Structures are given as C-alpha cells and as structure tokens.
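Everything below, folded, please.
(chains A and B)
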Amino acid sequence: MATHRFVAPSPLPGFGLGFGITMAALSAVVLLPIAFLLGRGIALGPTELWGMVNTPRIWAALGLSFRAALIASLVNLVFGLLLAWVLVRYRFPGRRLIDAAVDLPFALPTAVAGIALTALYAPNGAFGQLLPVRVAYAEPGIWLALIFIGLPFVVRSVQPVLEELDPELEEASATLGASRAVTLRRVVLPTLTPALLTGFALALARSVGEYGSVIFIAGNLPFETEIAPLLIVIRLEEYNYDAAAAIGIAMLMISFAMLLALNLIQTGTRRRTGHA
Amino acid sequence: MPRSQTTAGTPFHRRAILALIAAGLAATTAPGARAQEEVQILNVSYDPTREFYREYNAWFADWWQAEGNGRLTLRQSHGGSGGQARAVIDGLEASVVTLALSADIDAIATRTGKIPEDWQSRLAHNSAPYTSTIVFLVRDGNPKGITDWGDLVAEDVEVITPNPKTSGGARWNFLAAWAWALDAYGGDEAQARDYMAQLFANVPVLDTGARGATNTFAQRGLGDVLLAWENEAFLALEEQGENAFDIVVPSISMLAEPPVTVVDGNITSNAQREAAFAYLRQLYSPEAQALAVRHHYRAWDTSKVPQDELDRFPQLTRISIDEFGGWAEAQPRFFGDGGIFDQIYEGR
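Got it, this is the predicted structure:
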C-alpha cells in the first residue's frame, strides 16, 4: 500500500494541477511575504542586521516575548488537555455550549479580548481588586492574554485523538494490575503526546507574535513589559523599516528554531509509539 | 488600521436630486460653470477628529452645493496619526490629510513627493485651522493637589501618558513637560533630563495611543493625573460626568497645531483640486471654527462662537514647536531611535 513514489497513486486525478494551485496559494499568502522580509535582511547584510538587533532593549523585548509565550503555552498544555478530557469523556448539561466556547478566542477580535481581560484584572477590576499581585500592566497580564488566545490550539489538537482512544485500553491496563498513574503514564499519555506537541507548538507560534490583545494589558514599559512586536511597531513609527525588518527576522529565526526542535521531538515520539 | 466611512449629511437620494437640480441651475444660469463632474474627496485624519469631521463634512457638502458646484462625495478615514501617514505613503489615495503633527505630513512629503516641501505655508496659521494644548486631567477634587508640572514628580503621584514613540499626542505631552522644566531650571538641560527621568519613573503604563491612555485613566482607574489633549480631557468630562474629574491647566504648555494639507500627487482632476483646497480653506470660516470649538478645539476666528463656550478655555502660555526648531529637528532629537526619550529608559 505504501509506495514511495513522488506521485502517489490516488483514486482522484489531478495531482499536478492540485500541487500547482497549492504552491501558488501558499506562495501568495505565506512564502512571498516571508521572502520579502528575508530579502530586506539580505540587502542589509548580516553585520548591519546583527548591529540593529544586538541592543539590550531588543534582547529584553525578545526575552519577554518568548518567555511569556512559553509560559502561556505550558499552561495551555496542561489545561487544554484537561479541558479536552472533560469534553470527550464526560456527559454533562451544557457540554456542547462549552465545546463551542473553546473556539471563541479564535473568533473574538484580539483587541476585545485584551480590553476585557484588562477591565477584569486592572487594579480596580472585579478580579484585580481581590488579587494580591498585580496582573494587568505587569508580566502576568501578558501571560493571561497569551493563555487566552492559545487555548483552542491544544484542545482542538488533542480532542479528536482522545475521541479515538478507546476506554477499553485503560480498563485492560487496570485489569492487568496497573495503577491509575501507570495507566496514565504508559497508556494514555504516549498516545496523546504527538497531538499535545502539535497543539503546544501551534499555541507557542501564535503567542510569540501576538500584538492586539497584549498591547492593552501589558503596560508597555521599555525593559519591563515591552513585547518584541511592539518594538517593531515603534520602529515603523520612526519610519525605520530596516530596523523593523531586523527585529522581525530575529523573531522569525528564533521561532523557526523552536518549531524545528519541536518537530524533531515529535518525529522521535512518533517513531517510539509506532505512529510512523 | 485605517477605517473609512462615507459621510452623507443628507440621505443619498435627496442629495442626488439636489445635486441634479443644482447642476441644472448652474448649467442654465452660469454658462461654463464646472458643475457636472462628480468629485470625490478622501480625508485621511487621526483619531480624535472623527466626530468633528463628520459634522464638518455635512456642513461643507451643503456649502459646496450652495456655491453652485457639482456633486461631491466626502469620505473620512481615522486612525493613529503616524499609522495614517504610513498608509498614505504606502498608497492610500488621500485627497487631503488632516493629521496630529506636521512631522507626519513632512514624512509623506519627503517619502512620496506627493506634497510640496513648502506645504505648511499654503494655508493660514501654519496650515493649522484649529489648535489645542496639553492639560492635566485629575481625579475629582484634585486629591493630590496637582497644580503644575513640578507636582508630577512627587513620589506618590502616578502619571498616565501614552508612548511618545507610537502616539502623536504623547510627543506634545513630552515636549510640554520639557518646556516647563527648561523654563523652571533656567535653561539647564541636564536638570531638565533629570526631571523627565523622574516624571517617567512615575508612569506605570505607556499606552500606544491617546484614546487608550484616556481609557486607562478614566475606565481602569489607574493613575492620579492624565496628560491629555485638551479636547480629549473635555470629552472625558462629557462622557464620565463633570463630577468624575477636574481639568488642571499648567502654567506652561504646548501650542499644538494639528495641520492639514492637500496631497497634490493624489489629485486627478482640476475639479477635485478645487474642491480639496476649498474643503481645507473653509475650515477657517467662522462656521467651521465654531464647530471646532464645539468639539473642544481652540479656534482662530471666534466671531460665531458663543461666549460661554469660549469661557471654558483658560489662558496659559503656549509654546510653539518652532522653539524646538520645528518637528524636523525635534522629532529625531527627542523621539528618534536613541533620542532623549530612549535615553531616559536606557540610562536607568
């Protein structure tokens, strides 16, 4: 069944045409803009580029952006799995409503999300008043906004896999004498790992570049709560397109390295669990 | 992101019929009148002028037809001043621009050549038909007793101002504070820098735009004082009620001149050019000036402004941007990459 020819035999004809249209569409919306950005960087040259990026302020912003994205995606990894588990394994009133609500962060304009979260967590907000630490206008506020926008990715990647996971496997594991923890560790998690990693990677990639919601809740103080995408906007306001491109390229390269690493881990786990 | 809307003062059909009648009259009574052509004007403006231009467009469309001209479609687009300027540079087909700073129009002029370098001398008062200034908005009763710029660096005072990098209004705030400090310290720039550093140490949030900062102060309850456009401060009072805040006018502030001009390079016909210049010239008419005052701008011609509306504007010393060598000099020095604003944060 599995042949390794480039053109896979398929009951549907038109691979050539399909491939062409796909590549054209991909080029128009993804490859060309990125090539344009990289072209700008190549025109500048590596030394110039490095000089523009290598300042304490930009490192602080990049560090903040990637740290916050990582924290938010890790939180989403745990809560997204939990949410998917509850939605798949339990039947309760309002389940479909909650299931639909998971996609809301995709639908809501991010600015609305940012403003709503700020209103709740500001020092005079409904939750902000009760909390002992400052959330809005501090780094935890950024985490919160990124958790919000990243949540659907993990839930939606894990959910279909979980639906396929037969509870009988867990029962078999239990009858063979495995404790709940062992069943979770040896039976459930290995099956879910690829989906979890995919969701994590998507959420991470999405949060690193997020601007709209973060800008309202962050506080935007240089060296403290200034995210890298804001620095890009600041450079654009100075009509300094080169410096803006330089920060963009730096973000692109770090993101690419992270996604590549995640992909390699993914391939490794797939091989181990036999989902080649 | 520019948002545009078509502003029709009167319903479209009525407008069309009126235009036809006007065109017919003009054709019969004034031979050779340029009446039949339909002209479109796109006004690319900044955020706080939305309501003002909506009303002005309706008024101007009526005036234009009463003068015996052809049909005119007026559209307006609003956003942050710098972003709007970039949109025009990148190809947005603005017929006229009405922005927050002359620096933004200068940027269009130098980067596209669509506006002559001497644009600012084409209309009266440096091409600024209305002006404003920077004032303080404080909590009701002024609990921290703030009266002037010097009070803003007290240890227990929190100041809200947007980011001068992304907000035109914030640049006026910054320069107003700087002007006061230079005056207070007898022109000693080192001390003025210290003052600015202390001032920004009291700023807990840098919003990206003036409206955002107003919301942070008014809705989120953050800060003791908001540095704001005078028109934004009046607007906040209107929306939140007179009891929520007080306006404090400092001893020194800026003469903020939001300028207007025609984008010559985007003009496609003589009729459009005429309409575009008339659109801007009529901003100086007594009627339009009164309209600007109603929207909390300061006007040059107050002949049609009711006295009680004028009394809301207290007198103060307003420093012109010319004393900073104009925006061409002030922009890179204070707000450019590595400028004085950056040094305040990077020197910490």
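
So the residue nearest the centre of chain A, which state does it fall into?
Centroid check for chain A by C-alpha atoms, centre = their mean gives A:Ala203 as the closest residue, at 1.5 Å. At A:Ala203 the chain is in helix, as set by DSSP: H, G, I helix; E, B strand; the rest coil.

Could you count how many residues lie near the closest residue to it other than its chain neighbours?
Spatial nearest neighbour of A:Ala203, excluding adjacent residues (C-beta to C-beta, 6 or more residues apart in numbering or on different chains): A:Gly150 at 3.4 Å. C-beta coordinates here come from the backbone N, C-alpha and C atoms, glycine included. The number of residues packed near A:Gly150 is 26, by other C-beta atoms under 10 Å in any protein chain shown.

how far away is A:Gly150 from chain B?
22 Å (C-beta to the nearest C-beta, to the nearest Å).

Do you know the pLDDT at that residue?
If you check A:Gly150, the pLDDT there is 94.

Against which helices or strands is the helix or strand it falls within packed?
Counting by DSSP states H and E, the element that carries A:Gly150 is helix A:139-164. Secondary-structure packing of helix A:139-164 (3 or more C-beta pairs under 8 Å, 6 or more residues apart in numbering or on different chains; DSSP states H and E): helix A:56-89, helix A:104-107, helix A:110-121, helix A:189-208, helix A:214-217.

which stretches of the stretch 201-348 of chain B aren't confidently modelled?
B:348 (pLDDT under 70).

which stretches of it form strands?
B:225-229, B:245-248, B:252-254, B:260-262, B:298-299, B:317-319 (DSSP state E, counting those that start in this stretch).

quick one, which of the ones you listed is packed in tightest?
strand B:225-229 (a mean of 27; mean count of other C-beta atoms under 10 Å in any protein chain shown).

Which residues does it contact?
For strand B:225-229, the surrounding residues in contact (C-beta atoms under 8 Å, 6 or more residues apart in numbering or on different chains) are B:48, B:132-138, B:144, B:146, B:152, B:157-161, B:169-170, B:172-173, B:176-177, B:210, B:213-214, B:217-218, B:233, B:236, B:248, B:256.

Just list the residues touching B:Tyr46, thanks.
Applying C-beta under 8 Å, 6+ apart to B:Tyr46 gives the contacts B:His78, B:Gly79, B:Gly80, B:Ser81, B:Gln84, B:Thr98, B:Leu99, B:Ala100, B:Gly168, B:Pro258.

That one - nearest residue in space that isn't next to it in sequence?
B:Ser81 (4.0 Å).

Pick the most deeply packed of the helices and strands packed on helix A:139-164.
Of those, helix A:214-217 is the most buried (mean count of other C-beta under 10 Å), at a mean of 28.

for it, packing partners?
Right, helix A:214-217 is packed against helix A:110-121, helix A:139-164, helix A:228-237 by 3+ C-beta pairs under 8 Å, 6+ apart.

by how many degrees do the longest one and helix A:110-121 diverge?
Angular relation of helix A:139-164 and helix A:110-121 on a 0 to 180 degree scale: 110 degrees, by axes from the mean of the first three to the mean of the last three C-alpha atoms, to 10 degrees.

Give me the buried positions along helix A:139-164.
Neighbour counts over helix A:139-164 (16 or more other C-beta atoms under 10 Å in any protein chain shown) mark A:139-159, A:161-162 as buried.

do the shortest one as well
Of the residues in helix A:228-237, those buried under the neighbour-count criterion (16+ other C-beta under 10 Å) are A:Ala228, A:Pro229, A:Leu230, A:Leu231, A:Ile232, A:Val233, A:Ile234, A:Arg235, A:Leu236, A:Glu237.

Quick check: the gap between the residue nearest to A:Ala178 when sequence neighbours are not counted and chain B.
Leaving aside its chain neighbours, A:Ala178 sits nearest to A:Arg186 (6.9 Å; criterion: C-beta to C-beta, 6+ apart). Noted for A:Arg186: a distance of 49 Å to chain B, by C-beta to the nearest C-beta.

about what we covered before: correct me if wrong: the residue nearest to A:Ala203 contacts A:Ala72.
Yes - with contact defined as C-beta atoms under 8 Å, A:Gly150 counts as touching A:Ala72 (5.6 Å).

so what's the backbone phi/psi at the residue in the stretch 101-250 of chain B that chain A sits nearest to?
Distances between the stretch 101-250 of chain B and chain A by C-beta to the nearest C-beta are smallest at B:Gly221, namely 3.6 Å. Main-chain dihedrals, B:Gly221, degrees, to the nearest 10: phi 70, psi 20.

where's it relative to A:Tyr121, distance?
Distance of B:Gly221 to A:Tyr121, given as C-beta to C-beta, to the nearest Å: 13 Å.

Next: B:Pro116.
50 Å.

what's the answer for B:Asn266, then?
The value you get for B:Asn266 to A:Tyr121, if C-beta to C-beta is used, is 44 Å.

how about the residues of the stretch 151-300 of chain B near chain A?
Proximity of the stretch 151-300 of chain B to chain A, by C-beta under 8 Å from any C-beta of the partner chain, involves residues B:163, B:165-166, B:203-208, B:212, B:219-222.

now, the most widely separated pair of those residues?
Greatest spatial distance in those: B:Lys165 and B:Gly221, 25.2 Å, computed using C-beta to C-beta.

Those two: which is more packed in?
B:Lys165 (27 against 13).

check contacts around the more buried one.
A:Ile234, A:Glu237, A:Glu238, B:Phe335, B:Phe341.

Repeat that for A:Arg89.
A:Leu162, A:Pro167.

which of the contacts of strand B:225-229 are buried?
Using 16+ other C-beta under 10 Å as the threshold, B:48, B:132-138, B:146, B:152, B:157-161, B:169-170, B:172-173, B:176-177, B:210, B:213-214, B:217-218, B:233, B:236, B:248, B:256 are the buried ones among the contacts of strand B:225-229.

Could you check the helix or strand harbouring A:Leu38 and say which residues are buried?
Using DSSP H and E, A:Leu38 sits within helix A:32-44. For helix A:32-44, burial by neighbour count (16+ other C-beta under 10 Å) applies to A:Leu37, A:Arg40, A:Gly41, A:Leu44.

Mind splitting the chain into its structural domains?
Just so you know, I chose chain A. A:36-61+A:227-276, A:68-224 (automatic domain parsing).

my bad, chain B
According to automatic domain parsing, the domains of chain B span B:3-131+B:257-310, B:134-255+B:316-346.

Can you say which of these is nearest to A:Ile247?
domain B:134-255+B:316-346 (11.9 Å).

Compute the first-to-last residue distance for the closest one.
Taking C-alpha to C-alpha, to the nearest Å as the measure, domain B:134-255+B:316-346 stretches 26 Å from start to finish.

quick one, what contacts B:Val205?
A:Tyr137, A:Gly219, A:Asn220, A:Leu221, B:Ile160, B:Ala213, B:Thr216, B:Leu222, B:Gly223.

one step back: please settle this for me: is the residue nearest to A:Ala178 part of a helix?
Yes - going by three-state DSSP, the assignment for A:Arg186 places it inside a helix.

does it really touch A:Ser173, like I thought?
Yes - applying C-beta under 8 Å, one finds A:Arg186 in contact with A:Ser173, separated by 7.3 Å.

Which one of the two is surrounded by more residues?
More crowded of A:Arg186 and A:Ser173, by other C-beta under 10 Å: A:Ser173, with 18 against 11.

name the element that one belongs to?
With DSSP H and E as the criterion, A:Ser173 is inside helix A:167-175.

Now A:Val208: closest residue in space that isn't a chain neighbour?
Going by C-beta to C-beta, 6+ apart, A:Val208 has A:Ala69 as its nearest residue, at 4.5 Å.

That'll do, ta.
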